[in-house]
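S.K.: mind looking at a prediction? Sequence and model below.
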Amino acid sequence: MKQLIRLSLFLSILQSFYALPVYADIGAADAAYDRGDYESAFGLYRAEAQKGSAEGQYNLGIMYAGGLGVTASLELAFESTEKAALQGFAPGQNSFGNFYRDGIGVKQDFAKAFYWYRKAADQGNPVAQRNIGGLYRRGQGVPRDFQRAAQWAEKAANQGISAAQIDIAVHYAKGMGVPKDLVTAYMWANLAYKLGNRTAVNIRKDIRRRMTDDMLVAAESMTTKWLEDH
């Protein structure tokens with residue numbers, strides 16, 4: 001049960017990052033999902049999945065994982081997400097990587113997780129980019145490499161993923177794979193905070209304690225510039 005809850009959580013969070021293409025039945029399924037009519041949403045997603053729609057297969061995986069409108073099944077969630085991933089659908093590839101990273105419904109395999117994350121990241125998927133950074137930072141499935149970890153975290157951070165903004169803030173604050181730079185570190189932590197990530201509160205405070213007032217002014221200016229540009 002705990003595995004089902006965890007899987008449902010990360011898949012449902014990922015769903016919120018991506019707008020679905022305009023398909024009549026997918027749109028209707030999405031609307032049903034949003035209003036809490038999971039049985040109708042499940043039926044519509046399944047119909048699209050059976051037609052070969054990668055979006056339908058991906059969303060069907062979410063429904064099976066969370067037991068939404070159907071009896072929960074990790075096996076069917078895995079199978080449906082795999083179909084979406086094999087069609088090159090980036091959110092599906094990222095989700096499929098999560099199965100292997102977390103060992104949910106399958107033997108944990110960081111190398112396979114990296115493989116699928118990389119496929120999604122190469123399409124610009126920011127969640128996958130952050131996940132790759134995490135694998136490099138921890139040395140899971142790939143040799144530990146703080147420089148590459150920072151590069152991938154910054155890619156995701158620049159796409160507005162607040163968790164990645166915290167990651168790259170820590171890299172700059174500690175000089176992990178990048179030159180130590182408290183101004184840039186504060187900028188990223190500040191952005192994550194402004195985007196509503198409460199985890200950033202203490203990190204931002206810790207960085208601030210080591211900064212001069214002039215450094216703070218510079219960091220706030222950089223924050224404003226980033227928000228204007230994005």
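M.R.: Right, received. Where do you want to start? Numbers count the residues shown, from 1 in each chain.

S.K.: neighbours around residue 27, how many?
M.R.: Residue 27: 13 surrounding residues under other CB atoms under 10 Å. To be clear about C-beta, it is placed using only N, CA and C from the backbone, and glycine gets the same treatment.

S.K.: and it, how far from residue 48?
M.R.: The gap separating residue 27 from residue 48 is 10 Å, by CB to CB, to the nearest Å.

S.K.: can you list the buried residues in stretch 86-97?
M.R.: 89, 90, 91, 92, 93, 94, 95, 96, 97 (16 or more other CB atoms under 10 Å).

S.K.: what segments of the protein are helices?
M.R.: 2-15, 24-34, 38-50, 54-66, 74-86, 90-102, 110-121, 126-138, 146-157, 162-174, 182-194, 200-208, 213-229 (DSSP state H).

S.K.: what angle do the fourth one and helix 90-102 make?
M.R.: If I follow you right, that is helix 54-66. 30 degrees (axes from the mean of the first three to the mean of the last three CA atoms, to 10 degrees).

S.K.: then the third one?
M.R.: Relative orientation of helix 38-50 with respect to helix 90-102: 100 degrees, computed using the same axes, to 10 degrees.

S.K.: now the fifth one
M.R.: Interaxial angle, helix 74-86 versus helix 90-102 (the same axes, to 10 degrees): 130 degrees.

S.K.: with the second one instead?
M.R.: Our comparison of helix 24-34 with helix 90-102, counting by the same axes, to 10 degrees, yields an angle of 50 degrees.

S.K.: using PDB, list the CA coordinates for stretch 108-126.
M.R.: Presented in PDB, the C-alpha positions along stretch 108-126 are these (Å, rounded to 0.1, in the frame of the first residue of the first chain):
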ATOM      1  CA  GLN A 108      15.700  -1.100  -8.300                       C
ATOM      2  CA  ASP A 109      18.100  -0.300 -11.100                       C
ATOM      3  CA  PHE A 110      19.700   3.100 -11.200                       C
ATOM      4  CA  ALA A 111      21.400   2.500 -14.600                       C
ATOM      5  CA  LYS A 112      18.000   1.900 -16.200                       C
ATOM      6  CA  ALA A 113      16.500   4.900 -14.400                       C
ATOM      7  CA  PHE A 114      19.300   7.000 -15.800                       C
ATOM      8  CA  TYR A 115      18.700   5.600 -19.300                       C
ATOM      9  CA  TRP A 116      15.000   6.700 -19.300                       C
ATOM     10  CA  TYR A 117      15.600  10.000 -17.500                       C
ATOM     11  CA  ARG A 118      18.200  10.900 -20.200                       C
ATOM     12  CA  LYS A 119      15.800  10.100 -23.000                       C
ATOM     13  CA  ALA A 120      13.200  12.500 -21.400                       C
ATOM     14  CA  ALA A 121      15.800  15.100 -20.500                       C
ATOM     15  CA  ASP A 122      17.100  15.200 -24.000                       C
ATOM     16  CA  GLN A 123      13.600  16.300 -25.100                       C
ATOM     17  CA  GLY A 124      13.800  19.200 -22.600                       C
ATOM     18  CA  ASN A 125      11.800  17.600 -19.800                       C
ATOM     19  CA  PRO A 126      12.800  19.600 -16.700                       C
END
